[in-house]
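**Student:** After the sequence you'll find the predicted model.
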Amino acid sequence: MAETLLNSSFFDKGIFHVLQDALQIRRNVMKPLNELSKEEILSGEIFEEILNEADEIKRADLISDLKLRAKELGVKSLFDEKLKTYQKIDKETKRKYQGGVSSSNAPPDSNIADVLQLLDYKIEYDNDGNEKSRKLQQTVRNFEIIMDNDSRFAGKIKFDEFSRQEYLMGEIPWESENCDRAWGSHDDAALYSIIQTDYGVKNRNDYFDAIKNVSMRNKFHPVRDILDGLEWDGSERIRSLLPDYLGVESTEYCYQVMRLWMLGAVARVYEPGCKFDYTMIFTGPQGLGKSTFLKMMSLNDSWFNDSLDSLDSDKAAQSLMGSWIVELAELKSLARTAGGVESVKRFLTAAQDKYRVPYERRADIFLRQCVFAGTTNKSDFLQDETGNRRFLIIQTGVNKPTKSLFVPEAVEDMKAAWAQAVRIWKTERPELLLPDSCRDEARRLQDESMADDGKVGIITQFLENKQRTCVLEVWKEALEENGRPQKWQSSEISDIILSIPGWMRVKSPTNFKEYGKQKLFQKKLPSNENLATNYLPSATNSSKNREKIEDGSQSSEDGFMPIDDFSQEELPFQ
């Protein structure tokens with residue numbers, strides 16, 4: 001049939017070398033026009049013969065005769081479509097390169113004619129079964145056929161599984177150099193223009209859907225590819241890294257922490273979203289190279305991230321995309337996190353993030369592929385005992401480093417250590433937990449790193465004779481601050497209150513005379529206390545007043561509004 005797609009192998013050089021000799025049309029006719037087959041009359045060489053004919057009269061005669069033969073074969077509309085495309089390319093090429101250019105600047109050879117035959121058309125036939133007309137379909141599939149088969153960009157539109165974005169790899173018409181970079185909006189503009197001009201497919205929404213589909217068929221993972229390419233030499237490589245480059249004491253604890261952290265990083269690459277709760281913390285003097293070491297361990301600067309300002313927003317989660325090693329530089333992001341210690345713990349131990357990428361229709365789940373490491377020159381940076389087990393502290397600068405980070409051998413040592421970690425992960429699949437033998441040392445270092453800026457003592461003393469409080473009361477009366485605390489300061493005060501034995505937080509907000517509706521913190525009620533006696537702050541309340549207080553219509557005499565749905569253990573008073 002006329003619409004039968006041509007096998008590209010038919011158009012090999014040998015066949016058309018013979019055909020070109022045979023088609024000295026209007027000059028040395030070795031093969032009459034009436035003997036041309038459908039495949040021959042639709043071949044690229046026929047159209048090149050037309051365009052190469054310098055004499056306009058001869059060219060017009062040639063086109064006329066070929067159209068008659070195409071009509072006899074029932075492929076006239078396809079012939080006209082291809083002729084129109086070749087003429088458009090010829091015209092555009094002359095416009096762009098008029099004035100003379102070297103052959104190296106000429107546009108690359110294209111297989112547009114072959115691709116055109118692969119596209120989907122709506123074809124109409126006459127009563128005799130001959131093709132009457134054909135119309136190119138405006139579909140996602142046609143965009144995909146072009147992107148997958150046009151030699152100018154076939155196989156070059158890829159999807160980076162690590163950064164979760166389209167990627168460009170190879171030579172393309174709109175760039176003068178070989179590309180190896182993320183796909184950009186300017187690439188969309190250039191590719192869409194080419195497809196629209198050369199093929200006439202032009203629905204923009206279909207174009208963007210096709211880009212996604214085509215790229216997903218060409219997926220790659222750059223970090224995984226790098227790690228797969230590393231070969232372990234069988235020697236112990238992980239144990240010496242920290243002592244050699246950061247002057248860390250060569251202990252079993254330090255080795256196990258580094259080994260665990262590296263295995264966590266490898267696991268997150270091969271099994272995104274796997275559970276890994278630990279954050280390694282480097283402490284020690286400035287200028288030792290703690291941040292430089294972490295950046296070099298990422299093996300690629302673009303896979304290293306040291307720009308997290310806080311940990312409690314969608315922006316923070318989105319910034320993890322394309323990051324393998326994330327540095328909490330000077331632990332500033334921990335202090336600036338508005339949600340306090342609880343938010344920090346949730347963020348650092350999460351296995352996945354859910355958010356909506358800008359311009360996308362819906363939120364997606366993104367599995368974590370990164371690990372965290374902190375750096376600080378402070379010795380007291382932890383604030384909450386309950387979450388400290390997640391921070392594995394390593395003291396740097398205990399000894400003088402024996403190797404420099406600023407020589408090529410440093411990167412090779414790191415690659416060798418990664419090769420060992422990959423081998424361990426692939427062959428042993430160890431649990432990503434700190435060995436029991438190292439937990440006492442981890443606890444000792446965590447306890448030594450507990451922060452005490454004076455607020456804990458002040459707040460503890462303030463609450464000694466109180467049964468209930470709120471953050472704003474502590475801020476103004478205990479810490480003697482003016483205005484209102486920032487969100488992270490409120491979280492800090494909240495964490496300190498909850499760290500004091502006997503204090504708890506109540507879910508429902510409560511009215512305070514001086515501060516309005518606030519979150520309530522209270523002392524736990526001893527089990528032998530009488531609920532009715534202690535529920536009201538005054539022992540002389542009338543039953544009428546009691547009803548007003550209990551139904552929430554009136555504050556008590558000291559400004560406290562009771563809360564509904566308390567269990568006896570949650571009530572605050574003695």
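**Tutor:** Structure received. All values derive from a computational prediction rather than experimental measurement. Numbers count the residues shown, from 1 in each chain.
**Student:** just for this protein, where's the confidence low?
**Tutor:** Applying pLDDT under 70 to the chain picks out residues 1-31, 88-109, 312-313, 332-342, 383-387, 451-453, 526-574.
**Student:** Show me it divided up by domain.
**Tutor:** Domain assignment of the chain by automatic domain parsing yields the ranges 8-107, 140-220, 227-448, 455-570.
**Student:** Out of those domains, flag the one nearest K132.
**Tutor:** domain 8-107 (7.4 Å; CB to CB). For the C-beta atoms, the positions are set from N, CA and C on the backbone; glycine is no exception.
**Student:** Which parts of the stretch 151-300 of the chain are helices?
**Tutor:** 185-199, 204-216, 222-228, 241-246, 252-270, 290-297 (DSSP state H, counting those that start in this stretch).
**Student:** With distance to P408 as added columns, please give those in CSV.
**Tutor:** Shown next, in CSV, are the helices of the stretch 151-300 of the chain (distance: least, CB to CB, whole Å):
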stretch, distance to P408
helix 185-199, 34
helix 204-216, 35
helix 222-228, 17
helix 241-246, 14
helix 252-270, 21
helix 290-297, 11
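**Student:** And the residue nearest the centre of the protein?
**Tutor:** For the chain, the residue nearest the mean C-alpha position is M321 (2.6 Å; CA atoms, centre = their mean).
**Student:** Setting aside sequence neighbours, what's the nearest residue to T402?
**Tutor:** The shortest distance from T402 to any non-neighbouring residue, by CB to CB, 6 or more residues apart in numbering, is to D244 (5.2 Å).
**Student:** quick one on the thing from earlier: any chance of the domains of the chain in CSV, with distance to A113 too?
**Tutor:** Shown next, in CSV, are the domains of the chain (distance: least, CB to CB, whole Å):
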stretch, distance to A113
domain 8-107, 5
domain 140-220, 10
domain 227-448, 36
domain 455-570, 64
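**Student:** biggest strand in the protein, by residue count?
**Tutor:** As assigned by DSSP state E, the longest strand anywhere in the chain is strand 503-512.
**Student:** Tell me if I'm right that Q369 and V269 touch.
**Tutor:** Yes: between Q369 and V269 there is a contact under CB atoms under 8 Å: 6.2 Å.
**Student:** Show me the strands in the stretch 51-200 of the chain, by range?
**Tutor:** 121-125, 131-136, 157-160, 165-170, 179-182 (DSSP state E, counting those that start in this stretch).
**Student:** Buried deepest among those strands, which one?
**Tutor:** Among the strands of the stretch 51-200 of the chain, strand 157-160 has the highest mean neighbour count (mean count of other CB atoms under 10 Å), at a mean of 21.
**Student:** Check whether the closest residue to P485 other than its chain neighbours sits in a helix, strand or coil.
**Tutor:** Using CB to CB, 6+ apart and skipping residues adjacent in sequence, the residue nearest P485 is W475, 4.9 Å away. Three-state assignment for W475 (DSSP: H, G, I helix; E, B strand; the rest coil): helix.
**Student:** Now do the contacts for W475.
**Tutor:** 481, 484-485, 489-490, 493 (CB atoms under 8 Å, 6 or more residues apart in numbering).
**Student:** Which one of the residues you listed is nearest to E177?
**Tutor:** Q489 (51.5 Å).
**Student:** hmm, back to that, which stretch among the strands of the stretch 51-200 of the chain comes nearest R259?
**Tutor:** Nearest to R259, of all these, is strand 157-160, at 28.6 Å by CB to CB.
**Student:** helices or strands next to the closest one in the packing?
**Tutor:** Under the contact criterion of 3 or more CB pairs under 8 Å, 6 or more residues apart in numbering; DSSP states H and E, strand 157-160 touches strand 165-170, helix 204-216, strand 219-220.
**Student:** Secondary structure class of I394, three-state.
**Tutor:** Look at I394: counting by three-state DSSP, its state is strand.
**Student:** who does it bridge with?
**Tutor:** Beta-bridge pairing of I394 under DSSP bridges involves F282.
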